[in-house]
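[1] sequence first, predicted model second:
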Amino acid sequence: MLLVMDEQRVILDHLYEMIRVHSGTCEIFRLNSSQQRNLGAFLASVAYRDYERIILFTRVKRQLSQLPVLRCIPGLVILEHDACQNYMAESKYRGAYSKLFASLPWARAIVSGCGVARRLQGEGVDAVFVSKGYDERLLRDLGRPRDVPVAFLGSFRSDAYAGRRAVLERIAAATDLLVTRTSSGAEYLELLNRIRIFVSADVGMGEYMIKNFEAMACGCTLLAWFQGGEEEAALGLQDMQNVVLYRSAEEAIAKIDWLLANPEQARQIADQGKAFVERNYGFARVGRDIAQAVLQPMRPWPGVGRLRRGWVKWRYGMEVA
């Protein structure tokens with residue numbers, strides 16, 4: 001059983017389908033906000049005990065509010081693309097993931113950062129690293145002229161993005177950097193295909209966000225914040241080969257100038273980056289790896305006491321195994 005949010009901005013339908021395909025038998029349920037806040041009632045309505053694994057892909061704040069219910073699920077797997085915020089000083093969710101996983105010691109956490117997985121493992125969490133990727137059905141290089149020299153697409157209003165905002169503002173002050181947002185789907189595809197150099201600014205996150213893979217797939221030369229070496233090695237990113245890395249706004253500005261002055265070399269990096277993500281980071285591969293991680297043997301569930309069994313039965317009509 002795969003439980004996902006029905007209101008996500010990023011289109012992840014293909015990823016969900018690939019998890020389903022590679023899991024053998026898997027049902028996908030899209031939960032609205034009310035169902036996410038009342039998970040016990042939903043699980044009681046779908047005979048959850050008939051499922052060997054329950055994969056949960058919802059926001060950590062809602063998972064923490066549902067801990068009494070989550071403790072009643074033996075084969076619980078939590079899929080997370082934002083667990084990097086557990087270690088970000090500026091994030092309001094700093095430490096929240098550690099608290100969640102410490103309360104569910106038998107559960108498996110599938111996270112999208114190599115370093116995040118390693119740090120959680122050090123805390124005793126059954127954490128597995130499976131990278132982010134991109135929807136190869138929706139995003140591709142259309143082979144069109146690129147009339148936007150340098151751009152960043154995305155958000156930086158959250159406190160967690162303070163480092164991103166500061167770096168982008170410094171780059172924008174010295175270059176013609178376009179900073180904007182688009183809706184998902186066709187508009188996003190069209191704009192990515194107009195951009196020559198895509199500036200990624202995952203400052204302080206310790207991992208690479210999904211836009212990096214999407215920009216590379218659409219043929220942009222990716223200029224990305226260096227995450228310290230561990231992530232780059234795990235992903236296979238090579239500076240000035242399939243990506244261009246920077247460690248400061250000043251280095252980013254210098255590399256933008258160089259890329260604009262050397263369009264042939266910039267194009268070669270973009271072509272190598274596109275071929276690289278097409279081989280390795282489509283949702284077909286990512287979904288397969290998530291399914292494999294889900295199906296591996298798990299730690300034994302400790303069970304729950306009679307009081308909790310009685311409470312979830314009374315509150316939600318939820319029978320506990």
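    Happy to help now that I have it. Keep in mind that what you see is a predicted model, and the values were worked out from it rather than measured.

[2] go through the protein and flag its longest helix.
    helix 263-280 (DSSP state H).

[3] report the separation between Met298 and Gly305.
    Separation of Met298 from Gly305 (C-beta to C-beta, to the nearest Å): 21 Å. No exception for glycine: its C-beta is placed from N, CA and C like everyone else's.

[4] these two - which one has more neighbours?
    Each of Met298 and Gly305 has its neighbours counted (other C-beta atoms under 10 Å); Met298 has more, 17 against 8.

[5] ok so that one is a helix residue?
    No - going by DSSP: H, G, I helix; E, B strand; the rest coil, the assignment for Met298 is coil, not a helix.

[6] leaving aside the residues next to it on the chain, what's closest to it?
    Nearest non-adjacent residue to Met298, counting by C-beta to C-beta, 6 or more residues apart in numbering: Arg108, 5.8 Å away.

[7] again, but for Phe129
    Ala117 is the one closest to Phe129 (C-beta to C-beta, 6+ apart), at 3.8 Å.

[8] what's the helix or strand containing Leu3 packed up against?
    Element membership of Leu3, judged by DSSP states H and E, is strand 2-5. Helices and strands touching strand 2-5, by 3 or more C-beta pairs under 8 Å, 6 or more residues apart in numbering; DSSP states H and E, are helix 13-23, strand 28-31, strand 54-57.

[9] what does the second one rub up against?
    I take that to be strand 28-31. Outside strand 28-31, the residues that touch it by C-beta atoms under 8 Å, 6 or more residues apart in numbering are 1-6, 16-17, 20, 39, 42, 46, 58.

[10] in its sheet, what does it sit against?
    Sheet pairing of strand 28-31 (DSSP bridges) gives strand 2-5 (parallel).

[11] hey, C-alpha coordinates of the partner strand in CSV?
    This file holds the C-alpha atoms of strand 2-5, laid out as CSV (Å, rounded to 0.1, in the frame of the first residue of the first chain):
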residue,chain,number,x,y,z
LEU,A,2,1.4,3.4,-1.0
LEU,A,3,-0.2,6.4,0.7
VAL,A,4,0.6,9.7,-1.0
MET,A,5,-0.6,13.3,-0.8
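
[12] mean confidence score for the strand holding Leu3?
    In this model, strand 2-5 carries a mean pLDDT of 96.

[13] quick one: contacts for Val60?
    Contact analysis of Val60 by C-beta under 8 Å, 6+ apart lists 80, 82, 93, 96-97, 100.
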